[in-house]
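In: Sequence and predicted model, in that order:
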Amino acid sequence: MKSVKIKQLIEKIEGEAELDFTFNDGLIEDVKINFGFYRGIEEILRGKDARDALVITPRVCGICNHAHLLAAVDAIEDGYKKAGQNIVLSSKAKDIRAFTLACELIQNHIKWFYMTIFPQLEAYVEVKSEVNYAMKATYLASTITKALAIFAGQWPHSSYAVPGGVTCDPTHLDVMQAQSLVDESIRFFEQVITGLSLDDYLGIDSVSSLGKIEGDFGNLLYMMGSHHMSEIGQSYDRFIVFGECGLSKAGKSIVTNVSNVDVRYVKEALQEGTVAKAVSYKERLYEVGPLARGMVAKTPIVKSLHKRYKDSLLTRVFARVHEVALLLDYSKTLLQNLELDAPSCTLERGTELSDFEGTGVVEAARGSLIHTTTVKNGLITNYEIITPTQWNLSHGNEKEQGIAIKAMVGSKTMEEATFIFRTFDVCSVCTTQ
Amino acid sequence: MFITPKPTLLWLQAITCNGNTHSFLNHPDLFSILSHFEIVHHPSLESSYTMEDVINGEVPCDVLILEGSFIDEGFLKAGVEVSSLIHTYATKAKHIISAGTCATFGGIFKQKDPENISGFCFDLEEKTSRYDTYASKLISLPGCPMHPKWMSYVLLMLAANKKIAIDNLHRPVELYGYTVHTGCTRNEYFEWKIDTKNYGLKEGCLFYEQGCQGPYTRGSCNKILWNDISSKTRAGTPCFGCTEPTFPKASLFHTQTNMGIPAKMPLGVPRRAYLTLTGVVKSFKIKRFTTRLLEYDE
């Protein structure tokens, strides 16, 4: 038995991380994940006006800033409700928020697909295609964030969601422009990513019809299939979702058994050797993100892949790319049904509360994002942020290794392990805040 | 045929959220702009060197883009202080671009540890000890995040060997000579001192009650628009002054007032001039500005 430790710097993951691998007899038996710098957003928020969180928290993360905004506003609204202030968002405000969040998720997934997975997989399987994947990524990402900006003013770092609704007051012209940008994104998905119409793609509900997928996604599935990626990267087969939105419902899935969850049982704990905090639900670790959403919502194709390949690398990657199709379809529907005559913001000016505590939950690109704000005399006395990557990338607890670590354990090479690591769509800045 | 090598471009991150990186990735002409340079390293684009090479100090660097706030000690990458990396490449570079408010003035992350965290050459508006060493090659692009077209302006000016006119904080005047107020679709309401009645309305100005800092914040946001289509104020959100050394101030959704008049005046406007105009316009009641925009009919 020979134990060897090797350190590896992982870059281009919204910052960097250092992985310390322990090999035993040629197989990885443990990994320590270390992230860099603690920026202290929660501390920065203390003593600030409650609504300043709508400006400060998006700056946790350049790629999922919008999810932070929506979690922050949700936390304030939850606090108002618990303090007795009746807030009912108009359908318009709800739908616009859902639309802009969907746009951000599409942007994220597509950057991950083209700028992380493709170059890393090609390097891993030693293929060099000379394709400018980043150009494809940024074309689609900038198209869909432009649709977002029609309502939110800008991306990144908008603060257009305020207690009671949204600040924008769109016209039919605005909605038409957004529709065109969504249509353009769908065209790209059809012609470049899958070689199928969106409807035909969404009709795929079992592993046996995956062969219909062409385009870049087809290539990716082929490369992953021919390198046995359906057999690696399995974790605990335990998933959790806290945010309710058009695509997701809250719940947890263990193997295939789906049941209810309550955000009050989420616990955060400090971990040695890293500035990232670990998160658990009733003392157990869970995976969050698109695969978790697919498992809890019982998305047919995700269930079919899971039935055959469990929570392997292939299933995890597929679930995230698949979500792009669901989100494109969903965002199109949202715009079609937008009730422009409804008020944008239902909370009257000057009715802000100054003492409350509330929790906001949003399904961000990488999974459930939770903000809790405590406000006294109008000022924040405490602010807690739990990011999705804290779930997936923790070291674990006394009983078990962390989710991503478990997925890497058993790998023969660092190349394989780091590729598995990247399929979790790692975000360094969110993990350490 | 003699081929001049392209200038090398290194994008280096300190204490950041990556917002400037993602803002720049949204540039519609991203790859034609970058084609003037060799990208030696970038936080997300494929580059000719690895982060380890960067950390080893071996990478060429003609243009250094800095993103994120600066701290002398305590932020390490692979065991090396990021501050020492920044000094290494800032010394090598012919041009330094501080991308975003954090790298320029300290920004949000400064508030975690105001004594030790700052911008690279400025700490809020004050010059840091590093200023004299690097000032001759410094261009500031504050903004949280910076607009992608501010970066492309600087890069293309450098690629064309043109001189960039800057102000005392090293901001290009062609970008920061404007205020965010310039081009705001709510300007008529500002002129006639009509406050917006609530969030979520096209009508009314956000300067009087909602905390909008557009009239005294520098930046061409409303001239060139964000994502080529909109802006905060066009979407009904106040400008939070994110390009300013003071960003972020407290109570961002609330206008500080003295006797009902905004405490901070539009850029360069004397208080007396402002009050005189206000007195005049407030003596009129103009129906169009108190009616919903799409419902007004003569």
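Out: Arrived safely, thanks for sending. Numbering: from 1, shown residues only, chains lettered A, B, ... in the order given.
In: quick one: the strands in the stretch 1-150 of chain B?
Out: Here the stretch 1-150 of chain B has its strands, by DSSP state E, counting those that start in this stretch, at B:8-13, B:38-41, B:63-67, B:70-71, B:76-77, B:80-81, B:95-99, B:117-118, B:122-123, B:126-127, B:138-141.
In: Nearest to chain A among those strands would be which one?
Out: strand B:76-77 (6.0 Å; C-beta to the nearest C-beta). Bear in mind the C-beta positions are built from the backbone N, C-alpha and C, glycine included.
In: coming back round to it: can you put the strands of the stretch 1-150 of chain B in CSV and add distance to B:Tyr274?
Out: Shown next, in CSV, are the strands of the stretch 1-150 of chain B (distance: least, C-beta to C-beta, whole Å):
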stretch, distance to B:Tyr274
strand B:8-13, 41
strand B:38-41, 47
strand B:63-67, 37
strand B:70-71, 37
strand B:76-77, 49
strand B:80-81, 48
strand B:95-99, 33
strand B:117-118, 33
strand B:122-123, 29
strand B:126-127, 28
strand B:138-141, 28
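In: hey, what's the closest residue to B:Arg171 other than its chain neighbours bridged with?
Out: In space, and not counting its chain neighbours, B:Arg171 is closest to B:Ser140: 4.8 Å by C-beta to C-beta, 6 or more residues apart in numbering or on different chains. Applying DSSP bridges to B:Ser140 gives these bridge partners: B:Ser98.
In: so who does B:Ser140 touch?
Out: By C-beta atoms under 8 Å, 6 or more residues apart in numbering or on different chains, the contact list for B:Ser140 reads B:Ser98, B:Thr104, B:Cys121, B:Phe122, B:Ile166, B:Leu169, B:His170, B:Arg171.
In: Where does the prediction get shaky in the chain?
Out: Using chain A. For chain A, applying pLDDT under 70 flags the ranges A:1, A:272-276.
In: was after chain B, sorry
Out: B:1-2.
In: Could you pull up the contacting residues of whichever residue of it sits closest to chain A?
Out: Nearest to chain A in chain B, going by C-beta to the nearest C-beta, is B:Gly200, at a distance of 2.7 Å. B:Gly200 sits next to A:Ala93, A:Gly165, A:Val166, A:Thr167, A:Cys168, A:Asp169, A:Pro343, A:Ser344, A:Cys345, B:Gly236 when contact means C-beta under 8 Å, 6+ apart.
In: Which ones among those lie within strands?
Out: Counting by DSSP state E, the members of these that fall within strands are A:Gly165, A:Val166.
In: Could you identify the buried members of the contacts of B:Gly200?
Out: In the contacts of B:Gly200, burial by neighbour count holds for A:Ala93, A:Gly165, A:Val166, A:Thr167, A:Cys168, A:Asp169, A:Pro343, A:Ser344, A:Cys345, B:Gly236, counting by 16 or more other C-beta atoms under 10 Å in any protein chain shown.
In: Quick check: closest non-adjacent residue to the fourth one.
Out: For A:Thr167, ignoring the flanking residues on the chain, the nearest one in space by C-beta to C-beta, 6+ apart is B:Gly236 at 3.4 Å.
In: Likewise for A:Val317?
Out: Closest to A:Val317 by C-beta to C-beta, 6+ apart is A:Thr423, at 5.4 Å.
In: so that neighbour makes contact with A:Ile117?
Out: Yes. Between A:Thr423 and A:Ile117 a contact is recorded at 7.2 Å, counting by C-beta atoms under 8 Å.
In: Please enumerate the strands of the stretch 51-200 of chain A.
Out: Applying DSSP E, counting those that start in this stretch to the stretch 51-200 of chain A gives strands spanning A:161-162, A:165-166.
In: what residues does stretch B:260-275 touch?
Out: Residues outside stretch B:260-275 that contact it (C-beta under 8 Å, 6+ apart): B:Thr179, B:His181, B:Phe207, B:Tyr208, B:Gln213, B:Pro215, B:Tyr216, B:Arg218, B:Thr255, B:Gln256, B:Thr257, B:Thr278.
In: how many other residues sit next to A:Gly26?
Out: If you count neighbours by other C-beta atoms under 10 Å in any protein chain shown, A:Gly26 ends up with 9.
In: Tell me the spacing between it and B:Phe120.
Out: 46 Å (C-beta to C-beta, to the nearest Å).
In: hang on, A:Glu18 in a strand?
Out: Yes. Per DSSP: H, G, I helix; E, B strand; the rest coil, A:Glu18 lies within a strand segment.
In: Is A:Leu334 in contact with A:Lys94, as I believe?
Out: No. With contact defined as C-beta under 8 Å, A:Leu334 does not reach A:Lys94; the gap is 9.4 Å.
In: residue contacts, residue 231?
Out: Picked chain A for this. Going by C-beta under 8 Å, 6+ apart, the list of residues near A:Glu231 reads A:Tyr309, A:Ser312.
In: To clarify, I was referring to chain B.
Out: A:Gly153, A:Gln154, B:Val180, B:Gly183, B:Cys184, B:Cys221, B:Asn222, B:Leu225.
In: The fifth one: which element?
Out: In this structure, B:Cys184 is located outside every helix and strand according to DSSP states H and E.
In: That one and B:Asn222, how far apart?
Out: 5 Å.
In: Find the residues that touch each one of the two.
Out: Between them, B:Cys184 and B:Asn222 have B:Gly214, B:Ser231, B:Thr233, B:Arg234 as joint contacts when contacts are counted by C-beta under 8 Å, 6+ apart.
In: Mind putting the buried ones among the contacts of B:Gly200 into TSV with distance to B:Val59?
Out: Below are these laid out as TSV (distance: C-beta to C-beta, whole Å):
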residue	distance to B:Val59
A:Ala93	48
A:Gly165	48
A:Val166	44
A:Thr167	44
A:Cys168	44
A:Asp169	49
A:Pro343	54
A:Ser344	49
A:Cys345	50
B:Gly236	45
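In: So which of those belong to helices?
Out: Secondary structure from DSSP state H places A:Ala93 of the buried ones among the contacts of B:Gly200 in helices.
In: Phi and psi next, for whichever residue of chain A sits closest to chain B.
Out: Closest approach between chain A and chain B, counting by C-beta to the nearest C-beta: A:Ser344, at 2.7 Å. Main-chain dihedrals, A:Ser344, degrees, to the nearest 10: phi -80, psi -40.
In: Roughly how far does it sit from B:Thr237?
Out: For A:Ser344 relative to B:Thr237 (C-beta to C-beta), the value is 12 Å.
In: where do the contact lists of the two overlap?
Out: Residues within reach of A:Ser344 and of B:Thr237 at once, by C-beta under 8 Å, 6+ apart, are A:Thr167, A:Cys168.
In: which bits of the stretch 101-250 of chain A sit near chain B?
Out: Proximity of the stretch 101-250 of chain A to chain B, by C-beta under 8 Å from any C-beta of the partner chain, involves residues A:111, A:115, A:119, A:132, A:134-135, A:137-138, A:141-142, A:145-146, A:148-160, A:162, A:164-169, A:171, A:177.
In: Could you tell me which of the contacts of B:Ser231 are located in helices?
Out: B:Cys221, B:Asn222.
In: Just put the contacts of B:Ser231 in JSON lines and tack on neighbour count and distance to A:Ser280.
Out: Output for those, formatted as JSON lines (neighbours: other C-beta atoms under 10 Å in any protein chain shown; distance: C-beta to C-beta, whole Å):
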{"residue": "A:Gly153", "neighbour count": "27", "distance to A:Ser280": "37"}
{"residue": "A:Gln154", "neighbour count": "27", "distance to A:Ser280": "36"}
{"residue": "B:Val180", "neighbour count": "29", "distance to A:Ser280": "44"}
{"residue": "B:Gly183", "neighbour count": "18", "distance to A:Ser280": "50"}
{"residue": "B:Cys184", "neighbour count": "25", "distance to A:Ser280": "48"}
{"residue": "B:Cys221", "neighbour count": "30", "distance to A:Ser280": "43"}
{"residue": "B:Asn222", "neighbour count": "24", "distance to A:Ser280": "46"}
{"residue": "B:Leu225", "neighbour count": "18", "distance to A:Ser280": "45"}
